[in-house]
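Q: Build me a model:
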Amino acid sequence: MTEAKSTNPGFTPETVSELANLAAHSDDSIVSRTLMKSPAGSLTLFAFDAGQHLSEHTCPYDAIAHVIDGTGEIVINGTLHEVAAGQVVLMPANIPHAVNAKQCFKMILTMFKHEKVAD
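A: Model (predicted):
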């Protein structure tokens, strides 16, 4: 059995980091920083400036958005969810979703690839 390799371009192993400080807000932008990536999924930190958004899209991964600073809006399959620091929401694979920043906020996005199950 071959072990899947992961990369961690976002931070150094065994180093304690202040999560919210790993990505800074930038005027009129969305800043993303990949913290971990493997064939099974990824961990990405996003910093949204007020007024920024990710348009509705789908993804073949289950994605968990964990807000770590501020508040935002996440629309899943047409339903608006207001989220704040300390809250999480699951965005199921292949379901349309979007992210809106009414104010500056930061979130961690954890994506999990679905394993195909043999019949």
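Q: Let me see the ranges of the strands in this structure.
A: 30-38, 41-48, 53-57, 61-76, 79-84, 88-91, 97-100, 105-113 (DSSP state E).
Q: mean confidence for the third one?
A: Put plainly, it is strand 53-57. Averaged across strand 53-57, the pLDDT comes to 96.
Q: before we move on, what about the longest one?
A: Strand 61-76 comes out with an average pLDDT of 96.
Q: what are the pairing partners of that strand, and which direction each?
A: Strand 61-76 has the following strand partners under DSSP bridges: strand 79-84 (antiparallel), strand 88-91 (antiparallel), strand 97-100 (antiparallel), strand 105-113 (antiparallel).
Q: Would you mind listing the outside residues contacting it?
A: Contact partners of strand 61-76, identified using Cβ atoms under 8 Å, 6 or more residues apart in numbering, comprise 19-20, 41, 45, 48, 56, 80-93, 95-114. Where C-beta positions appear, they are placed from N, C-alpha and C, glycine not excepted.
Q: Kindly report the same for the third one.
A: Strand 53-57 has contacts (Cβ under 8 Å, 6+ apart) with Ile30, Val75, Pro96, His97, Ala98, Val99, Asn100, Ala101.
Q: wait, the last one sits on Val31?
A: Just to be clear, that refers to Ala101. No. Counting by Cβ atoms under 8 Å, Ala101 sits too far from Val31 to count as a contact (11.5 Å).
Q: Which one's more surrounded, those two?
A: Neighbours per residue (other Cβ atoms under 10 Å) separate Ala101 from Val31, with Ala101 holding more: 23 against 15.
Q: For that one, list the residues it contacts.
A: Contact analysis of Ala101 by Cβ under 8 Å, 6+ apart lists Ile30, Phe48, Asp49, Ala50, Gly51, Gln52, His53, Gly72, Glu73.
Q: what pLDDT does the nearest residue to the last one once chain neighbours are set aside get?
A: This points to Glu73. Closest residue in space to Glu73, ignoring its immediate chain neighbours: Asn100 at 4.2 Å, by Cβ to Cβ, 6 or more residues apart in numbering. At Asn100, the pLDDT value in this model is 97.
Q: Kind regards, and thank you for your time.
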